[in-house]
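J.: Structural data only, the sequence is not supplied:
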């Protein structure tokens, strides 16, 4: 089994910073892509940032220049550094991990964590 756990959310004032962590544990062959998504109350879930196995990254226009996604392969952990936070960044942040299980089948997986709440006060 593979588990995805996010942490690092909390309450911060506008202009502050938080670092979210997404830790992947269990038995797997490889992790390909990891994405951070967020869902504000009453809104659809949206992609905030992503990274692929080649190290490429993509960001939503609303967070470019403020958020940075990084990956520590040795720790199977992906971080989302969030700076200059705004009240509109308030949401539950989710980590999505795509990869392949180990074993003879090498079947793919596409897993979500439970989410971590980020609240930015004005």
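T.: Yep, that arrived. These figures come from a predicted structure and were not determined experimentally.
J.: Buried residues, stretch 3-19. List them.
T.: 4, 6, 8-9, 12, 18 (16 or more other C-beta atoms under 10 Å). Every residue, glycine included, has its C-beta placed from N, CA and C.
J.: in what helix or strand does the residue of the chain most remote from its centre lie?
T.: Relative to the centre of the chain, the most outlying C-alpha is that of residue 104, 28.9 Å out, by C-alpha atoms, centre = their mean. Residue 104 belongs to no helix or strand when assigned by DSSP states H and E.
J.: returning to that earlier point: output the buried residues of stretch 3-19 as TSV; include the columns pLDDT.
T.: Shown next, in TSV, are the buried residues of stretch 3-19 (pLDDT from 0 to 100):
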residue	pLDDT
4	97
6	96
8	98
9	97
12	98
18	98
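J.: Mind listing the residues bridging to the spatially most central residue of the chain?
T.: Residue closest to the mean C-alpha point of the chain, counted by C-alpha atoms, centre = their mean, is residue 36 at 3.0 Å. Under DSSP bridges, the beta-bridge partners of residue 36 are residue 49, residue 95.
J.: which pair in the buried residues of stretch 3-19 spans the largest distance?
T.: The distance between the two most remote of the buried residues of stretch 3-19 (C-beta to C-beta) is 23.3 Å, for 4 and 12.
J.: so what pLDDT did the residue farthest from the centre of the chain get?
T.: pLDDT for residue 104: 75.
J.: what sits against it?
T.: Taking C-beta atoms under 8 Å, 6 or more residues apart in numbering, we find residue 104 in contact with no residue.
J.: And it, how far from residue 112?
T.: From residue 104 across to residue 112, the span is 26 Å (C-beta to C-beta, to the nearest Å).
J.: Over to residue 79?
T.: Distance from residue 79 to residue 112, by C-beta to C-beta: 17 Å.
J.: Between these two, tell me which one has more neighbours.
T.: residue 79 (19 against 14; other C-beta atoms under 10 Å).
J.: Enumerate every residue touching the more buried one.
T.: With contact set as C-beta under 8 Å, 6+ apart, residue 79 has these partners: 19-22, 69-72.
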